[in-house]
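Chemist: Mind looking at a prediction? Sequence and model below.
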Amino acid sequence: LLAAMQPRGVIKFNFCVLISGFYCRDVELCKLQLEAVPERHQQELVRAKQGAVEMPSFHVWGLEDQLVEPWRSQILSQTFKDPIIATHPADHFSQGRHH
């Protein structure tokens with residue numbers, strides 16, 4: 001959300017890293033990221049404003065995340081121009097591994 005607000009002079013930074021990020025569900029603010037305010041926040045009803053945020057971004061989410069459904073993170077990534085995306089097979093709390 002802050003990245004989408006940057007062109008309005010609210011905040012200034014050069015890139016963002018989003019871990020289990022998701023689009024804003026506030027009725028007014030989601031207009032910065034979504035094509036329209038959905039009646040219900042279900043995957044088939046939510047459409048991203050493709051490339052609306054022209055800022056370098058790195059997005060990470062777990063494919064088994066139950067706190068932030070993976071499709072919500074994917075929708076957010078679509079609002080950025082040329083996002084870099086990395087997913088992992090774990091849930092919201094990915095644990096480090098001993099080698």
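Modeler: It's in.

Chemist: Quick check: next helix or strand after whichever helix in the chain runs longest?
Modeler: For the chain, the longest helix by residue count, based on DSSP state H, is helix 70-78. Later in the chain than helix 70-78, the nearest helix or strand by DSSP states H and E is strand 84-88.

Chemist: pLDDT of that next one, averaged?
Modeler: Mean pLDDT, strand 84-88: 96.

Chemist: what helices or strands is it leaning on?
Modeler: Here strand 84-88 touches strand 57-62, helix 70-78, going by 3 or more CB pairs under 8 Å, 6 or more residues apart in numbering; DSSP states H and E. Yep, even glycine has a C-beta here, placed from its N, CA and C like the rest.

Chemist: please redo it, this time with the cut-off set to 7 Å
Modeler: strand 57-62 (3 or more CB pairs under 7 Å, 6 or more residues apart in numbering; DSSP states H and E).

Chemist: what about residue 61, neighbour count?
Modeler: Other residues lying near residue 61 total 28 when counted by other CB atoms under 10 Å.

Chemist: Correction: the previous question concerned residue 4.
Modeler: For residue 4, using other CB under 10 Å, the count is 22.

Chemist: What's the local residue count around residue 48?
Modeler: By other CB under 10 Å, 17 other residues sit near residue 48.

Chemist: residue contacts, it?
Modeler: Residue 48 sits next to 33, 34, 75, 78, 79 when contact means CB atoms under 7 Å, 6 or more residues apart in numbering.

Chemist: would you turn these into CSV with distance to residue 6, pLDDT and neighbour count?
Modeler: Listed next are the contacts of residue 48 as CSV, based on distance: CB to CB, whole Å; pLDDT from 0 to 100; neighbours: other CB atoms under 10 Å:
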residue, distance to residue 6, pLDDT, neighbour count
33, 13, 88, 23
34, 17, 91, 23
75, 19, 94, 20
78, 18, 95, 21
79, 13, 94, 22
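
Chemist: For the helix or strand bottoming out on mean pLDDT in the chain, which outside residues touch it?
Modeler: Every helix and strand of the chain was ranked by mean pLDDT, DSSP states H and E. The lowest is helix 2-5, at a mean of 76. With contact meaning CB under 7 Å, 6+ apart, helix 2-5 is reached by 11, 16, 32, 33, 52, 53, 55, 79.
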